[in-house]
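*Asks:* fold the following, please.
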Amino acid sequence: MYCKISVFAMVLSMAAGVFFPVSAEELNWAQQLVGPLEGSALHHNETVEFGRYNFAAGPEGKKEIAKVTRLEGKRSAILYKAEGKSSFQVYSVYKNFLKEKGYEVLFSCEGKACGESFKTSWYDLNPFESNYGWNNSVPITQSSWESQFYIAAVKKSAAGDIYVSVFTNSGWWSYPTYRVDVAQVSTLNTGVVRASKIAEAILAEGRMAFYGITFDTGSSEIKKESEPVLAEIAAFLKTASGASFYVAGHTDDEGDLQANMTLSKARAEAVVKSLAAKGVSPAMLSAHGAGPLSPVAANFTPEGRALNRRVEIVKRLSVAAKAPVSRMIEGVPDFNIKQEAVQAAQGVQPPPQTPSAQQPAVQTTPPAPAGPPPPPEALQPVPDVKGQLFLTGRKNLEALGFKVKQTGKLIGFIRAQDPAPNTMVKKGSTVTVTVGK
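*Replies:* Purely as a prediction, here's the structure:
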């Protein structure tokens, strides 16, 4: 009875939404929404400003969780140690706290009701990116399923709905662990770049990527929130008379290649259509789809995939300009290009140079036509095998086509590797691993 009253009193005293007695400056945004229990020790923290999160709101059945919603926005996943507490106490406090703070509990479960493999299935939906020696996964996946507890809750917010997942269990250590995941739905912070800044960027780089032109997954219909960005692009294009541009759609690498190629072109065509409706001449725009073939970041992480989903405006090599011009039109740089570039584009050869008296002319035979360039050698990332048993790590490396060189002990765990994880190397390269006890 005393324990139950203490837990309830703790819930009622949490006016700031934080259990742990520290100042707000010491907590990240997620902990200020749903903080740790008093007396807890932080074991691992992965918090990003934009990423994907798979929100589970149902039990596990047939080796997978029944109801999962994919979210995009800010996300945080923090693993705590709860010495001196029970898993049921952690579960009860958070469940009451979330209700008191206006969250709707969509799903909760205890023990076998979650599913015997729930702990593993749930972790695999959102694994920690850093997991050296499995220290951040095994407290969840290798603990007792009888002592597992889970809560899934959501709270409506004008700044973006907030989704909370709390999982706790015990059995790996002599005390419980619990993980608190918070995801707040939002779009990638793109801002609206003014027309003059677009002009400066394209004049300097020849291209500019736009993340504020957004689409629903698998759709080429432009979302309404893209209008401010499209308006600024249209304003810029209207000042760039005589110039022409590619509009290139880009996707991440999830899904079928051909489907992504088709989708990226359809999105580029939708952008051209929208700009034409704003008074831009369609003749100066050409829509193309690059799909996932020109990434600006690795597709291995949600953050990288978000950066790869974009629309680019690319300056074409125009042949209309006759001479280099340096002037400003209403504060926006002119886009005429150098005469040499025009001649090259038109196939006009420059006049032959007359050899000097000191350097007699030398006749040369014309070079043979160049054949097709050799294909680039395939590159692949080196997987992270640190912390794995040597036999397991070697098997994983060899399965991906790598050669393995062993140093150190004959048996034991892999303590170091060269090249480092995620280094891009030629297919079939050798990875040197150092084995220790």
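
*Asks:* and the pLDDT at the nearest residue to Trp145 once chain neighbours are set aside?
*Replies:* Distances taken as C-beta to C-beta, 6 or more residues apart in numbering place Glu116 nearest to Trp145, at 5.3 Å, with adjacent residues excluded. C-betas here are computed from N, CA, C, even on glycine. Note for Glu116: predicted pLDDT of 84.

*Asks:* Ser144 is in contact with Glu116, correct?
*Replies:* No - when contacts are counted by C-beta atoms under 8 Å, Glu116 is not listed as touching Ser144 (10.7 Å).

*Asks:* pretty sure Lys273 sits in a strand.
*Replies:* No - per DSSP: H, G, I helix; E, B strand; the rest coil, Lys273 lies outside any strand segment and is helix.

*Asks:* next, count neighbours for it.
*Replies:* 13 (other C-beta atoms under 10 Å).

*Asks:* do the same with Thr430
*Replies:* For Thr430, the count of nearby residues is 12 (other C-beta under 10 Å).

*Asks:* quick check: it vs Lys405, distance?
*Replies:* 5 Å (C-beta to C-beta, to the nearest Å).

*Asks:* again, but for Gly115
*Replies:* 42 Å.

*Asks:* and Ile222, by the same measure?
*Replies:* From Ile222 over to Lys405 (counting by C-beta to C-beta), the distance is 52 Å.

*Asks:* equivalent analysis for Ala420, please.
*Replies:* 15 Å.

*Asks:* cool, Ser86 as well?
*Replies:* Counting by C-beta to C-beta - Ser86 and Lys405 are separated by 48 Å.

*Asks:* follow-up on the earlier one: looking at Ile222 and Lys405, which is more packed in?
*Replies:* Using other C-beta under 10 Å, the more surrounded residue of Ile222 and Lys405 is Ile222, with 20 against 10.

*Asks:* can you tell me which residues contact the closest residue to the more buried one other than its chain neighbours?
*Replies:* Distances taken as C-beta to C-beta, 6+ apart place Ala270 nearest to Ile222, at 5.4 Å, with adjacent residues excluded. When contacts are counted by C-beta atoms under 8 Å, 6 or more residues apart in numbering, Ala270 touches 220-222.

*Asks:* tell me the one of those residues nearest Ala57?
*Replies:* The closest of these to Ala57 turns out to be Glu221 (C-beta to C-beta; 27.6 Å).

*Asks:* so where do the helices sit in the stretch 301-437 of the chain?
*Replies:* 302-308, 339-346, 390-399 (DSSP state H, counting those that start in this stretch).

*Asks:* mean pLDDT for those helices: which is lowest?
*Replies:* Minimum mean pLDDT among the helices of the stretch 301-437 of the chain: helix 339-346, a mean of 42.

*Asks:* once you drop chain neighbours, what's closest to the residue nearest the centre of the chain?
*Replies:* Central residue of the chain (C-alpha atoms, centre = their mean): Glu303, 1.5 Å from the mean position. Nearest residue to Glu303, sequence neighbours excluded (C-beta to C-beta, 6+ apart): Gly51, at 5.5 Å.

*Asks:* again, but for Tyr80
*Replies:* That would be Ser40: by C-beta to C-beta, 6+ apart, it lies 4.3 Å from Tyr80.

*Asks:* tell me, how many residues neighbour the one you found?
*Replies:* With other C-beta under 10 Å as criterion, Ser40 counts 22.

*Asks:* for Lys265, what is the enclosing helix or strand?
*Replies:* helix 257-277 (DSSP states H and E).

*Asks:* what is the rounded mean pLDDT of that helix?
*Replies:* Helix 257-277 comes out at a mean pLDDT of 96.

*Asks:* dump it to PDB, restricted to CA.
*Replies:* Taking C-alpha atoms only, helix 257-277 is exported to PDB below (Å, rounded to 0.1, in the frame of the first residue of the first chain):
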ATOM      1  CA  LEU A 257      14.700   1.400 -58.800                       C
ATOM      2  CA  GLN A 258      12.500   1.800 -61.900                       C
ATOM      3  CA  ALA A 259       9.600   2.900 -59.700                       C
ATOM      4  CA  ASN A 260      11.800   5.600 -58.100                       C
ATOM      5  CA  MET A 261      13.000   6.700 -61.500                       C
ATOM      6  CA  THR A 262       9.500   7.100 -62.800                       C
ATOM      7  CA  LEU A 263       8.400   8.800 -59.600                       C
ATOM      8  CA  SER A 264      11.200  11.300 -59.600                       C
ATOM      9  CA  LYS A 265      10.500  12.400 -63.200                       C
ATOM     10  CA  ALA A 266       6.800  12.700 -62.400                       C
ATOM     11  CA  ARG A 267       7.600  15.000 -59.500                       C
ATOM     12  CA  ALA A 268       9.900  17.100 -61.700                       C
ATOM     13  CA  GLU A 269       7.100  17.400 -64.200                       C
ATOM     14  CA  ALA A 270       4.700  18.500 -61.500                       C
ATOM     15  CA  VAL A 271       7.100  21.200 -60.500                       C
ATOM     16  CA  VAL A 272       7.500  22.400 -64.100                       C
ATOM     17  CA  LYS A 273       3.700  22.500 -64.400                       C
ATOM     18  CA  SER A 274       3.400  24.500 -61.100                       C
ATOM     19  CA  LEU A 275       6.000  27.000 -62.200                       C
ATOM     20  CA  ALA A 276       4.300  27.500 -65.600                       C
ATOM     21  CA  ALA A 277       1.100  28.200 -63.700                       C
END
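
*Asks:* which outside residues touch the following helix or strand past it?
*Replies:* Beyond helix 257-277 in the direction of the C-terminus, DSSP H and E gives the next helix or strand as strand 285-291. With C-beta under 8 Å, 6+ apart as the test, strand 285-291 has contacts from 237, 244-251, 257, 260-269, 271-272, 275-276, 316.

*Asks:* buried members of the residues you listed into ChimeraX, please.
*Replies:* Only the buried entries of these go into this ChimeraX selection, using 16 or more other C-beta atoms under 10 Å:
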select :237,244,245,246,247,248,249,250,251,260,261,262,263,264,265,266,267,268,269,271,272,275,316
